[in-house]
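Undergrad: Sequence plus the predicted model coming up.
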Amino acid sequence: MRIHARAYAYLIVAWTAAFAALSFGATPALAQKRFAFVIGNGAYANVTKLPNALNDANATRSMLQEAGFDITPALDMSLAGLRGALDVFVDKVRRGGPDATALVYYAGHAVQLDGANYILPTDIRPQIASSIADQSLSLGDILRRLDGAGAKSKIAILDACRDNPFANRQVARGLALQIVDGANEGISNEAGLARVDSGSGTFVAFATSPGSTAADGTGSNSPFTTAFLREAREPGLAVEQIFRRIRLAVYDSTNGTQIPWDTSSLITEFSFFQRPAGTSAPQPATAGNVPLTARPTLASLRAMSPADAARTAIAWDRSDIYGNTLAINPEDQTALRLNRILAQRTDERAWAEAVLAGDAESFRLYARLYPVSEHTAAALRLAAAAPSRNRVQVAQTCPVCPAVQQPRTRRADYTPRGVSPARSPTVPPYNPPPPPPGPQAQAPDMPVLLPERPRWTGFYAGGSLGGGRQSGRTTVAGPYGSPTIQVGTPTPITILAPYAIDPAAVPGRLSTDGSGAVGGGQFGFNYQIGAVVIGAETDLSATRLGGSQTSAANPAGTRFTTRAQNELSMLGTVRARAGFVLGDFMIYGSGGYAYGLIDQKGSIAPDTPATVSGAAGSRSGMASGWALGGGVEYAILPGMTLRLDYTHYDLGNQKLNLLDYTGLAPTQYAVMRARTSGDILKAGFNFGF
């Protein structure tokens, strides 16, 4: 008995020690929900290939996995593949909850157009520069989608601007400066700028300065990613301090030709690797004699040597610190380089603020202040189409108002044809006596706005509000083109490759039903013949109908999650109407053409995208079909009616191809087909005229 008791005691002590080790040894990185979208595009079909882009993405992917990130890879992707992988990534972040950290890393070609940054897929066609927005992913759109997914911290790292493929097609070189809500360079007139790409809780880093070009590198990685992979491993070092080190490292390795840039509005401290539990807080971070934690002041810069002051200004990369350094050491050998950096920073910030304002006056002012900038041509082009800040004109007032004019007669106010008012020719018209004098003049009578009795003939317009339910039955077929291997001897047999999507894990059908609100307006014409009313009506409504469904299965060791989403965001109809009048009521039926804007997404995502293929896709487009319905109207006032309208719509089937987004099985795809139909009930009003 003593031996058993002693064994139980040892077992309890061991479990207690293990639990304590896990509790005290757990790092914040493991407690947090971290998601990373790692994109590497180098095998471009129509522009310069980038040998190191895929190496950079794979090396970053490995480092982030060590740091506890859930990776969504997108390697050498077309535009459709990038969009599908982005949908999977955003869905992961949304399901991660409000404390999630979302990181986007990109290595490849990227350019700016009109102040916005675009990530270029491998199938980009550079013939027409104006179509960049339609052929690529916008960094601003990615950050806004992460805002909508509820990510607490958003980090975007772009190792791009390598040999801009649009440089000879009147598109600005390099990426555009990103202004995020809450970011501040420490200068009073730069604080409080409204957001351009994302809200607070955002960190954006570029491999080079806005408007400049980054090096692809002669080694296995670019200079920027080489420094990033080394410096990010420092335990407990905040991301802002990491990138100050990176900026100095890249500046040194490229002989000053490339200076990374970043801006931060993070509301919580973030580091890639946490300090081991129980270790003391480190001393303030430095890079040589350059402080990385405490913002340098004018006094601290004076205490440094000119070389250290210049390196401090480059590490912090803020306009006021450049200005203070130049004021202290105006004759130093680095003064000319710092002046050029400061001038470029000032130009890029002025351009960002002009794009932020978005009016013609701001673009023209920028063109006057920076006549030789790379953005001057774009500013003049945008000024021609931008709205004017002074477009609202105030009506001129007069000291003495003219007499009140007689109200205009309207069609509804005319006396019915064939009926004339009786008036004796011998009786003069009645002239009322003038009103008695007083301190205030009497207001004129209001003009008659409504006819004397309900009239169903004529044009009408109105609005409606209600709700509906959409049934979006979705079928899933495939996967097709799955990779296979041969096993066995002497008679080999063909089986699916272990990294292919398991067909047994893919459901054949998903239901994307959902209810929501509907609101919009209608316009039409009625013609009454006795008790019968015929006419036509067109309406347009904003909707939020439809939904999504997710199914997960693990038939052979790998868990696959299949998700389908089908939503209707706009619905319009053009319908004929026929009704029957019963007193002040009209009962009618309607039918005709229907059209709508449908957003469709789908994915088949494995739990291990690094070793097993996944497929995803999305589309947003118009679809057309038919609509039938009916309702009742009640004339509450002459020319005004209340209505209750029911509509059943059917927009047919929509096909969506799900393409591989992992790069493991490029020929593999699946097909989703969703049927979009539903019922809407709206209450509203019409006003006849």
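TA: Done, it's in. Quick caveat: nothing in here was measured; it's all calculated off a predicted structure.
Undergrad: which regions of this structure lie under the pLDDT threshold?
TA: Applying pLDDT under 70 to the chain picks out residues 1-32, 127-130, 161-200, 210-219, 278-287, 390-455.
Undergrad: Could you pull out the helices in it for me?
TA: All helices of the chain, identified by DSSP state H, fall at 2-25, 28-31, 53-66, 79-96, 132-135, 139-149, 223-231, 239-253, 298-302, 306-316, 319-328, 335-357, 360-369, 376-385.
Undergrad: what sits up against the fifth one?
TA: When you say that, I think you mean helix 132-135. L79, V111, L113, A116, Y118, L120, P121, D123, I124, R125, F166, V171 (Cβ atoms under 8 Å, 6 or more residues apart in numbering). Every residue, glycine included, has its C-beta placed from N, CA and C.
Undergrad: one step back: any chance of the helices of the chain in TSV, plus distance to G42?
TA: Below are the helices of the chain laid out as TSV (distance: least, Cβ to Cβ, whole Å):
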stretch	distance to G42
helix 2-25	39
helix 28-31	29
helix 53-66	3
helix 79-96	14
helix 132-135	17
helix 139-149	19
helix 223-231	13
helix 239-253	20
helix 298-302	41
helix 306-316	29
helix 319-328	34
helix 335-357	27
helix 360-369	35
helix 376-385	28
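Undergrad: Spatially, which two of the contacts of helix 132-135 are the most separated?
TA: A116 and D123 (20.1 Å; Cβ to Cβ).
Undergrad: Between those two, which has more neighbouring residues?
TA: Neighbour count, other Cβ atoms under 10 Å: between A116 and D123, A116 has more, with 19 against 16.
Undergrad: For that one, give me its contacts.
TA: A133, S138, L139, G140, A176, V355 are the contacts of A116 under Cβ under 8 Å, 6+ apart.
Undergrad: tell me which residues in stretch 535-553 are buried?
TA: G535, E537, D539, S541, T543, R544, L545, G546, G547, S548, Q549, S551 (16 or more other Cβ atoms under 10 Å).
Undergrad: again with stretch 325-336
TA: Residues of stretch 325-336 classed as buried: T325, L326, N329, D332, T334 (neighbour count, 16+ other Cβ under 10 Å).
Undergrad: ranking the contacts of helix 132-135 by neighbours, who comes first?
TA: Result: V111 is most packed of the contacts of helix 132-135 (other Cβ under 10 Å), 27 neighbours.
Undergrad: my guess is it contacts Y118, does it?
TA: Yes - V111 lies in contact with Y118 (Cβ atoms under 8 Å); the separation is 5.9 Å.
Undergrad: V104: which of the contacts of A116 is nearest?
TA: Closest to V104, out of all of the contacts of A116 and judged by Cβ to Cβ, is L139, at 8.1 Å.
Undergrad: Touching, the closest one and I119? I think so.
TA: Yes - between L139 and I119 there is a contact under Cβ under 8 Å: 6.5 Å.
Undergrad: any common contacting residues for the two?
TA: Contact criterion Cβ under 8 Å, 6+ apart; residues shared by L139 and I119: A110, L158.
Undergrad: before we move on, the earlier item: sort out for me which of the buried residues of stretch 535-553 are in strands.
TA: Within these, residues falling in strands by DSSP state E are G535, E537, D539, S541, T543, R544, L545, G546, G547, S548, Q549, S551.
Undergrad: Would you format those as CSV with distance to R389 included?
TA: Shown next, in CSV, are these (distance: Cβ to Cβ, whole Å):
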residue, distance to R389
G535, 44
E537, 39
D539, 35
S541, 33
T543, 34
R544, 34
L545, 39
G546, 40
G547, 42
S548, 42
Q549, 48
S551, 52
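Undergrad: Which single one of the residues you listed is nearest to T208?
TA: Nearest to T208 among those is S548, at 39.7 Å by Cβ to Cβ.
Undergrad: For the closest one, give its distance to T512.
TA: Note on S548: its distance to T512, by Cβ to Cβ, to the nearest Å, is 6 Å.
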